[in-house]
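Enquirer: Just a sequence and a predicted model for now, questions to come.
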Amino acid sequence: MKGSPVIVPGYKDYGFRNSGPSHMHGWFLPHVLDFAGALGSNVRILDVGCGNGFTCGESLKHDCQVVGVDLSQQGIEIARQAHPQGRFEVMAADDKLLHLLGEAPFDIVASTEVIEHLYSP
């Protein structure tokens, strides 16, 4: 999947510049991690709309197995560089997502900071 072009009509790349947190991570990330419960190497996480991979990186710190997907080629490149122990793919989240990833089932599927970027949620 790496490097596969994704064409979504009307999509405009968000423009990630670095691997750091957004202004919202400090507010929502503690709640997301608390909601996730005990994290460790046996926990598989899919982050749909992972952006630059910052949230994935926080899960990787708990030794989780993490896959992140996003439409932003720039965001995925940053995520791959910042978190090489994770898997990051440029792809749309649709009904074929799990088939295209070719991954085992996930324990947790997260999607934060996504809905406000959708054109027609």
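Expert: Perfect, I can see it now.

Enquirer: Can you pull up the most central residue in the protein?
Expert: C50 (2.3 Å; CA atoms, centre = their mean).

Enquirer: which parts of stretch 43-54 are buried?
Expert: Using 16 or more other CB atoms under 10 Å as the test for burial, stretch 43-54 gives V43, R44, I45, L46, D47, V48, G49, C50, G51, N52, G53, F54. Where you see a C-beta, it was placed from the backbone N, CA and C, and this is true even at glycine.

Enquirer: So for the closest residue to the fourth one other than its chain neighbours, what's the pLDDT?
Expert: Put plainly, it is L46. Using CB to CB, 6 or more residues apart in numbering and skipping the chain neighbours, the partner closest in space to L46 is F106 (4.3 Å). Looking at F106, its pLDDT is 95.

Enquirer: still on that earlier bit, the buried residues of stretch 43-54 in helices, which ones?
Expert: Judged by DSSP state H, the subset of the buried residues of stretch 43-54 located in helices is F54.

Enquirer: need the buried residues of stretch 43-54 in CSV with distance to D95, can you?
Expert: As requested, those are exported to CSV (distance: CB to CB, whole Å):
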residue, distance to D95
V43, 24
R44, 20
I45, 20
L46, 14
D47, 18
V48, 12
G49, 16
C50, 19
G51, 22
N52, 26
G53, 24
F54, 27
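
Enquirer: tell me which of the buried residues of stretch 43-54 is nearest to N18?
Expert: Using CB to CB, N52 comes nearest to N18 of those, at 7.1 Å.

Enquirer: And the helices in the protein?
Expert: 25-36, 54-60, 73-82, 97-101.
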